[in-house]
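Quick check, what structure comes out for this input:
(one chain, ligands or ions: 1)
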Amino acid sequence: MTWKYDVVVVGSGIAGPIVARNVAKAGFSVLLIDKKWAIGTPKQCAEGISIKVFDKYDIPYDKRFINREIYGAKLYSPSGYELEMRYKEVSGVILERKVFDKMLAYYAAKAGADVLARTEALDVIKKDGKIVGIKAKHEDEPVEIHADIIVAADGVESTIARKAGINTYAPPHEFDSSYEYEMLIEGFDPDLIHLWFGNEIAPRGYVWVFPKDEDRANVGIGINSDNPKTAKYYLDKWLKENNIPAKKLLEVNVGVVPVGGFVKELVKDNVLVVGDAARQVNPMHGGGMAEAMEAGTIASKWIVKALEEENISLLQNYTREWWETDGKRLEKVLKVRRVTEKLTDEDLDLFIQLLSGADAEKIAAGDYVEVIKTLLKHPKVLMSKRRLNLLKELL
Ligand SMILES: Cc1cc2nc3c(=O)[nH]c(=O)nc-3n(C[C@H](O)[C@H](O)[C@H](O)COP(=O)(O)OP(=O)(O)OC[C@H]3O[C@@H](n4cnc5c(N)ncnc54)[C@H](O)[C@@H]3O)c2cc1C
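Residues are numbered from 1 along each chain as shown. As a prediction, the model looks like this:
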């Protein structure tokens, strides 16, 4: 079997369907494929996302994939200091990704894209040194999908970009390992997300409780993937130490999160890489859905231009524009992560106490001027030489 499209998009998570929808809307032929039998399932996500993305990326605010509206966050330091940020308005939601991902693919299909679940990209097809499409398996049948442009939106384990010659290598230290239960849990304000920090609790990362219901939540952990102990070890230890029974587990999810190592060249000839496949994730908190939407939006804009003007070299503008905008922001966030990963538990205790005046949402987005301003208000407590040096690293 051989099929022909203007664009083939590999991976129907977050980035892929955004690209497919936008390109189809512009009137070009697009095929969106995913190896999963049911798009969205299984999920590997805590499902938290800012409320802003719905308007920004033209996604309907559909209660079918919104489990719970969230009004802020509560942070806990190693010794139990708490920092609560509660907003009057809804600041984010906890999605049901199994439904959300499927609906994103549905919006792409409604816009005119073809969408095929259970279709796995296996390799690229080269002709006279040029990539002209991909080899895939659709259900049990081999298929050749020819396309002018190929988009690798195949997530953290991406193979297609690498096969096309894009360097996606990042060292192990730039990945977090995560482990998560969707479980019944009580005693936490279900209107907030909850995050626990500490080198004994979650080295480099945090434990999270993201409520999906009054008494049901995604309870998970992310830690540096080069840690000798597993993420599961730390999560189970935290549950035990907090007397939270782990006997009502509805799901177990395991995943790897890229937290740095953004791909430098996002385009090679007619192949683009987007989302987790390009490591376009916030290195501080490991959230990557909004970043995948942003990259997918920029990529699709240049795909449409390249097709309209029949000039493939315009695709290179995706690399340029991403690095000038979101790439620049995420580089700053990475700098913050590199500093915060050196903090001792004492530092974390102190910072959480001091940050009560700062806007944590801005900090998580990389606006660390807030952090510095807040910390400088307390020079006597803070300015040991080591802490001063850490702050200097941010400048
Ligand atoms: C435990 C955990 C918790 C997280 N929590 C959050 C959170 O709360 N908020 C947030 O914003 N982010 C979170 N993230 C990150 C977020 O899940 C990702 O950043 C986001 O899903 C990236 O979207 P994507 O489209 O790039 O990739 P994905 O969503 O991973 O989609 C890639 C798709 O490609 C498909 N695919 C792969 N290879 C092939 C192939 N060869 N052929 C066909 N299809 C293929 C896969 O089946 C998959 O559907 C979390 C991640 C983990 C692991």
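
contacting residues for the residue nearest to the spatial centre of the chain?
The geometric centre of the chain, computed from its C-alpha atoms, lies nearest to Gly288 (C-alpha atoms, centre = their mean), at 1.4 Å. Contacts for Gly288 (C-beta atoms under 8 Å, 6 or more residues apart in numbering) come out as Ile14, Val257, Pro258, Gly275, Asp276, Gln280, Val281, Asn282. In this view, the C-beta of every residue, glycine as well, is placed from N, C-alpha and C.

so which of these comes closest to the ligand?
Using C-beta to the nearest ligand atom, Gly275 comes nearest to the ligand of these, at 2.1 Å.

Just name the shakiest helix or strand of the chain by mean pLDDT.
Using mean pLDDT, DSSP states H and E, helix 379-382 stands out as the lowest-scoring helix or strand of the chain, at a mean of 60.

Near whichever residue of the stretch 1-150 of the chain sits closest to the ligand, how many other residues are there?
At 2.0 Å from the ligand, Gly13 is the closest residue in the stretch 1-150 of the chain, using C-beta to the nearest ligand atom. Taking other C-beta atoms under 10 Å as the criterion, the count of residues near Gly13 is 31.

I'd say it and Lys98 touch.
No: using C-beta atoms under 8 Å, Gly13 is not in contact with Lys98; the gap is 11.7 Å.

what's the host helix or strand of Gly16 packed up against?
Using DSSP states H and E, Gly16 sits in helix 15-25. Packing partners of helix 15-25 (3 or more C-beta pairs under 8 Å, 6 or more residues apart in numbering; DSSP states H and E): strand 2-10, strand 30-33, helix 97-111, helix 289-308.

Take the ones you listed and write them to JSON lines, including mean neighbour count and mean pLDDT.
Converted to JSON lines, the helices and strands packed on helix 15-25 look like this (neighbours: other C-beta atoms under 10 Å; pLDDT from 0 to 100):
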{"stretch": "strand 2-10", "mean neighbour count": "22", "mean pLDDT": "98"}
{"stretch": "strand 30-33", "mean neighbour count": "28", "mean pLDDT": "98"}
{"stretch": "helix 97-111", "mean neighbour count": "21", "mean pLDDT": "98"}
{"stretch": "helix 289-308", "mean neighbour count": "23", "mean pLDDT": "98"}
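
Serialize those to TSV and add fields for distance to the ligand.
TSV is the format used below for the helices and strands packed on helix 15-25 (distance: least, C-beta to the nearest ligand atom, whole Å):
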stretch	distance to the ligand
strand 2-10	5
strand 30-33	5
helix 97-111	7
helix 289-308	3
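
Let me have these in CSV, adding distance to Glu321 as columns.
Below are those laid out as CSV (distance: least, C-beta to C-beta, whole Å):
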stretch, distance to Glu321
strand 2-10, 18
strand 30-33, 21
helix 97-111, 22
helix 289-308, 5
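
nearest to Asn317, of the ones you listed?
Of all the helices and strands packed on helix 15-25, helix 289-308 sits nearest to Asn317, with 4.8 Å by C-beta to C-beta.

Spatially, what comes nearest to Lys342 if we skip its sequence neighbours?
Leu390 (6.3 Å; C-beta to C-beta, 6 or more residues apart in numbering).

Contacts only, for that neighbour.
Applying C-beta under 8 Å, 6+ apart, one finds that Leu390 lies in contact with Val339, Lys342, Leu343.

now swap in Ala147 and tell me
Shown in contact with Ala147 (C-beta under 8 Å, 6+ apart): Lys4, Tyr5, Asp6, Val7, Val8, Leu31, Val132, Gly133, Ile134.

which SS class is the last one?
Three-state call for Ile134 (DSSP: H, G, I helix; E, B strand; the rest coil): strand.

where does Ile372 land in three-state SS?
Classified using three-state DSSP, Ile372 is helix.

what residues does the stretch 201-350 of the chain put near the ligand?
Counting by C-beta under 6 Å from any ligand atom, the stretch 201-350 of the chain comes close to the ligand at 220, 253, 255, 257, 275-277, 281, 286-290, 292.

which pair in the residues you listed spans the largest distance?
Gly220 and Ala277 (22.0 Å).

Please say which of these two ends up with more neighbours.
Each of Gly220 and Ala277 has its neighbours counted (other C-beta under 10 Å); Ala277 has more, 32 against 26.

I'd like to know how far that one sits from Ile131.
Computed as C-beta to C-beta, to the nearest Å, the Ala277 to Ile131 distance reads 16 Å.

can you check Thr297 too?
Separation of Thr297 from Ile131 (C-beta to C-beta) stands at 24 Å.

check contacts around Thr168.
Counted by C-beta under 8 Å, 6+ apart, Thr168 has contacts Ser158, Ala161, Arg162, Val263, Val273, Ala277, Ala278, Arg279.

so how far is Phe351 from the first one?
When distances are taken as C-beta to C-beta, Ser158 and Phe351 turn out to be 35 Å apart.

Can you find the residue of the stretch 101-250 of the chain that comes nearest to the ligand?
Residue nearest to the ligand within the stretch 101-250 of the chain: Gly155 (2.9 Å; C-beta to the nearest ligand atom).

Now that residue. Its backbone dihedrals?
Phi and psi for Gly155, reported as degrees, to the nearest 10, are phi 80, psi -170.

What sits closest to it if chain neighbours are left out?
Asp276 (4.7 Å).

Unless I'm misreading it, that neighbour sits right up against Ala295, doesn't it?
No: using C-beta under 8 Å, Asp276 is not in contact with Ala295, being 9.8 Å away.

How far does the longest strand belonging to the chain sit from its chain's centre?
Across the chain, the longest stretch assigned as strand under DSSP state E is strand 141-152. Relative to the chain's own centre, strand 141-152 is displaced by 25 Å; criterion: C-alpha atoms, centre = their mean, to the nearest Å.

tell me which residues in the next helix or strand after it are buried?
Using DSSP H and E, the next helix or strand after strand 141-152 towards the C-terminus is helix 160-163. Neighbour-count burial for helix 160-163, counted by 16 or more other C-beta atoms under 10 Å, picks out Ile160, Ala161, Lys163.

residues contacting the second one?
Under the criterion of C-beta under 8 Å, 6+ apart, the contact list for Ala161 reads Ala152, Asp154, Thr168, Val263, Val271, Val273, Ala277, Ala278.

and the second one, what does it touch?
Just to be clear, that refers to Asp154. Contact partners of Asp154, counting by C-beta under 8 Å, 6+ apart, are Val10, Gly11, Gly16, Ala121, Ile160, Ala161, Ala277.
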